[in-house]
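Peer 1: No letters, just coordinates:
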């Protein structure tokens with residue numbers, strides 16, 4: 001049987017969902033596919049490249065959003081969070097791949113958020129920084145949320161305030177995202193006053 005890149009990514013994604021990122025190794029993946037570890041390197045030069053492909057698979061449902069800049073930032077972030085939550089350790093894997101420059105999908109999401117920030121009136125020198133700040137919020141919030149879900153699923157006795165079950169995570173996420181969007185709006189107003 002010929003091994004295709006798509007098969008490797010499918011198997012790696014299934015291992016991620018079953019065992020988590022810590023147990024997603026090239027050896028385990030090779031065993032799962034009944035090939036030697038060297039066969040995987042025909043398709044991916046290293047594990048970082050493979051994780052980037054898995055990140056892109058996770059983010060396939062996070063597309064562009066129509067509307068004004070606020071609606072686009074909000075919609076993109078909700079889609080991103082939903083995509084991350086749909087896979088075990090999704091936030092951790094995507095964050096690591098983004099930091100290593102291995103996820104094309106995250107690069108596209110960053111560009112969409114940068115364009116929305118620029119449309120809001122953020123100057124070109126700071127539009128990408130604003131977009132990265134929003135991305136870091138989504139990745140950090142979702143990584144924390146996934147960790148809490150794992151602790152809860154394992155039956156850990158977390159203090160009520162630490163449990164993801166303590167309140168509505170979607171409402172907490174929306175509140176934080178609203179703070180960021182309001183901050184962008186406020187910063188633009190301050191800059192506009194300075195130039196008026």
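Peer 2: Received the coordinates, thanks. These numbers come from a predicted model, not from an experiment.
Peer 1: Show me what counts as buried in the longest helix belonging to the chain.
Peer 2: Ranked by residue count, the top helix of the chain under DSSP state H comes out as helix 124-153. With burial defined by 16 or more other Cβ atoms under 10 Å, the residues of helix 124-153 counted as buried are 126-128, 130-131, 134-135, 137-139, 141-143, 145-146, 148-149, 152. Every residue, glycine included, has its C-beta placed from N, CA and C.
Peer 1: Check stretch 105-113 too.
Peer 2: For stretch 105-113, burial by neighbour count (16+ other Cβ under 10 Å) applies to 105-106, 109-110, 112-113.
Peer 1: Next: stretch 46-54.
Peer 2: So, applying 16+ other Cβ under 10 Å, buried residues of stretch 46-54: 47, 50-54.
Peer 1: Quick check: mean pLDDT of it?
Peer 2: The pLDDT scores in stretch 46-54 average 96.
Peer 1: swap in stretch 140-152?
Peer 2: Average pLDDT, stretch 140-152: 85.
Peer 1: Closest one of the buried residues of stretch 105-113 to residue 15?
Peer 2: Closest approach to residue 15 among those (Cβ to Cβ): residue 105, at 19.6 Å.
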